[in-house]
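# Pasting the sequence and the predicted coordinates here, then a few questions.
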Amino acid sequence: MSGQGTLKDWIGQTLQAELAPTHLDVVDESHMHAGHAGARPGGETHYRVDVVSAAFEGKSRVERHRLVNAVLAPAFERGLHALALKARTPAEAG
């Protein structure tokens with residue numbers, strides 16, 4: 001994981017490269033968790049991700065979340081504390 005750019009940028013770039021999503025929205029919600037467990041000064045600890053990808057076809061909700069968590073493992077190792085995830089197939093996204 002590169003030290004350049006924001007964690008939000010890295011998450012977006014990594015998911016683009018690994019899952020080729022047709023839709024991707026990454027929102028830093030760290031400011032909403034100030035003072036809570038896992039929060040750090042400067043943020044970049046709590047994110048909401050909405051991703052639509054054909055890579056999720058035939059996978060259960062749990063399998064989709066495991067896939068995304070595995071792809072983003074370096075971010076968790078570097079301080080990402082919480083990830084709210086919506087993972088859908090293109091057919092589910094309409």
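Good, I have the coordinates. Note that the coordinates shown come from a computational prediction; the quantities given were computed from them, not determined experimentally.

# count of residues packed around residue 75?
19 (other Cβ atoms under 10 Å). C-beta: built from backbone N, CA, C; applies to glycine.

# Please apply the same query to the one 5 residues further on.
Counted with other Cβ under 10 Å, residues neighbouring residue 80 total 21.

# do the same with the one 4 residues further on
Counted by other Cβ under 10 Å, the residues lying close to residue 84 total 11.

# How is it assigned, secondary-structure-wise?
Three-state call for residue 84 (DSSP: H, G, I helix; E, B strand; the rest coil): strand.

# Poorly predicted segments of this protein, please.
Within the chain, the segments meeting pLDDT under 70 span 1-4, 31-43.

# Would you map the strands across it?
23-28, 46-52, 82-88 (DSSP state E).

# Okay, now the sheet partners of the second one, with direction.
If I follow you right, that is strand 46-52. If you go by DSSP bridges, strand 46-52 pairs up with strand 23-28 (antiparallel), strand 82-88 (parallel).

# export those strands to TSV and tack on distance to residue 6?
Below are those laid out as TSV (distance: least, Cβ to Cβ, whole Å):
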stretch	distance to residue 6
strand 23-28	8
strand 82-88	15
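
# tell me the most buried of the ones you listed?
strand 82-88 (a mean of 16; mean count of other Cβ atoms under 10 Å).

# Can you tell me what sits against that strand?
Here strand 82-88 makes contact (Cβ atoms under 8 Å, 6 or more residues apart in numbering) with 29, 33, 38, 45-53, 56, 61, 64-65, 67-69, 72.

# For PyMOL, write a command that selects the buried ones of those.
Command for PyMOL, covering only those of the contacts of strand 82-88 found buried under the criterion 16 or more other Cβ atoms under 10 Å:
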select buried, resi 33+45+46+47+49+50+51+52+53+56+64+65+67+68+72
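
# Helices along this structure, start to end?
Assigned by DSSP state H, the chain shows helices spanning 7-19, 61-71, 73-77, 90-93.

# so can I have JSON lines of the ones you listed showing distance to residue 83?
Putting the helices of the chain into JSON lines (distance: least, Cβ to Cβ, whole Å) gives the following:
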{"stretch": "helix 7-19", "distance to residue 83": "9"}
{"stretch": "helix 61-71", "distance to residue 83": "7"}
{"stretch": "helix 73-77", "distance to residue 83": "8"}
{"stretch": "helix 90-93", "distance to residue 83": "19"}
